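Chemist: Kindly return the folded structure for what I paste below:
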Amino acid sequence: MNYKELPVSEIALGCQQENQRFLDNLEHNAQYCFELFRRAIVLSSEDAWHAVYDCFEGQVHRWVTAHPSFNYCQEDVDYFVNVSFAKFWQAVTPEKFPRFSTLGHLLQYLKTCVAGAIIDHVRQLEKQKFFELETSNIQPEDFVSRQMSQEAVWQWVQSELNNDRETLVIRQKFLFDMTPRDIYASYPDFFPKGINEIYRILENILRRLHRNAPSRDRLS
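Modeler: Numbering: from 1, shown residues only. Next up is the predicted model:
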């Protein structure tokens, strides 16, 4: 069959049907979908582009939600679906399309774009949170009277911590002036969810210290 002679509507229907057969673990024909990508990229066909999105939006959605950092991104799935497709179309130009010899190669690159979109977003959040924490210049002593001894302040701070990870974070941050990135690099096994977990722990501790700041009498 000469797929290049078929109208986009027929190619799109064939792609959807073969895609479903693939998901059902049945024998399938990848040429319909490959031709759809070719027309979208090489021929800049708007109809083919919309068809590709319709056919593979669900798969990209699944890749996004399966990524280990998605739950910490503070954005919905559709945002990353759109960003992932945008990154894909920007990267895979008509000149570069011949490098992709199969549908599998195209989809693997699309999946890479999903990871890239999420990682870029996480890095931006890290920069923002790091800036907020660093520019705030908050020390535990700021929550209580400056006249109190440092020993009394730290006894109170430690009494407000809930577990060993909070103790580790607060000590490394305020006693040794380590950044969240430094803490994660030094103790990755303590934070299996990544550096964002350290930021959340710090934010929770700071809120708790603000809320529970004792009076001078209680520290003396």
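Chemist: looking at the protein, which helix or strand is least sure?
Modeler: helix 216-219 (a mean of 45; mean pLDDT, DSSP states H and E).
Chemist: Residues contacting stretch 115-129, please?
Modeler: 64, 67, 69-70, 72-75, 80, 83-84, 87, 180-181, 194-196, 199, 203 (Cβ atoms under 8 Å, 6 or more residues apart in numbering). Any C-beta I mention is one placed from the backbone N, CA and C, and that applies to glycine too.
Chemist: try 7 Å
Modeler: Residues outside stretch 115-129 that contact it (Cβ atoms under 7 Å, 6 or more residues apart in numbering): 67, 69-70, 72-75, 80, 83-84, 87, 195-196, 199.
Chemist: ok, Asp120 - how many residues close by?
Modeler: Neighbours of Asp120 under the rule other Cβ atoms under 10 Å: 12.
Chemist: Now do the same for it: its pLDDT.
Modeler: At Asp120, the model reports a pLDDT of 85.
Chemist: Please, a PyMOL command that selects the buried ones among the contacts of stretch 115-129?
Modeler: Buried residues among these (16 or more other Cβ atoms under 10 Å), as a PyMOL selection:
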select buried, resi 67+69+70+72+73+80+83+84+87+195+196+199
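Chemist: want to throw the contacts of stretch 115-129 into a markdown table with distance to Leu161 and secondary structure?
Modeler: Converted to a markdown table, the contacts of stretch 115-129 look like this (distance: Cβ to Cβ, whole Å; DSSP: H, G, I helix; E, B strand; the rest coil):
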| residue | distance to Leu161 | secondary structure |
| --- | --- | --- |
| His67 | 31 | coil |
| Ser69 | 26 | coil |
| Phe70 | 29 | helix |
| Tyr72 | 22 | helix |
| Cys73 | 27 | coil |
| Gln74 | 25 | coil |
| Glu75 | 31 | coil |
| Phe80 | 34 | helix |
| Val83 | 38 | helix |
| Ser84 | 39 | helix |
| Lys87 | 41 | helix |
| Ile195 | 20 | helix |
| Asn196 | 20 | helix |
| Tyr199 | 16 | helix |
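Chemist: Tell me the one of the contacts of stretch 115-129 nearest Val42?
Modeler: Lys87 (18.5 Å; Cβ to Cβ).
Chemist: The closest residue to that closest one other than its chain neighbours: neighbouring residues, count only.
Modeler: The shortest distance from Lys87 to any residue other than its chain neighbours is 4.2 Å, reached at Cys113 (Cβ to Cβ, 6 or more residues apart in numbering). By other Cβ under 10 Å, 22 other residues sit near Cys113.
Chemist: Surely Cys113 touches Gln90?
Modeler: No: the pair Cys113 / Gln90 is not scored as a contact, 9.1 Å apart, by Cβ atoms under 7 Å.
Chemist: quick revisit: could I get the contacting residues of the residue nearest to Lys87?
Modeler: 84, 87-88.
Chemist: Below-threshold pLDDT in the protein: ranges please.
Modeler: 1-3, 126-151, 175-176, 214-220 (pLDDT under 70).
Chemist: now do 80
Modeler: Residues of the chain meeting the criterion pLDDT under 80: 1-6, 22-24, 71-74, 122-156, 174-177, 210, 212-220.
Chemist: any chance you could map the strands in the chain?
Modeler: Applying DSSP state E to the chain gives no strands.
Chemist: That's all I had, so thanks and see you.
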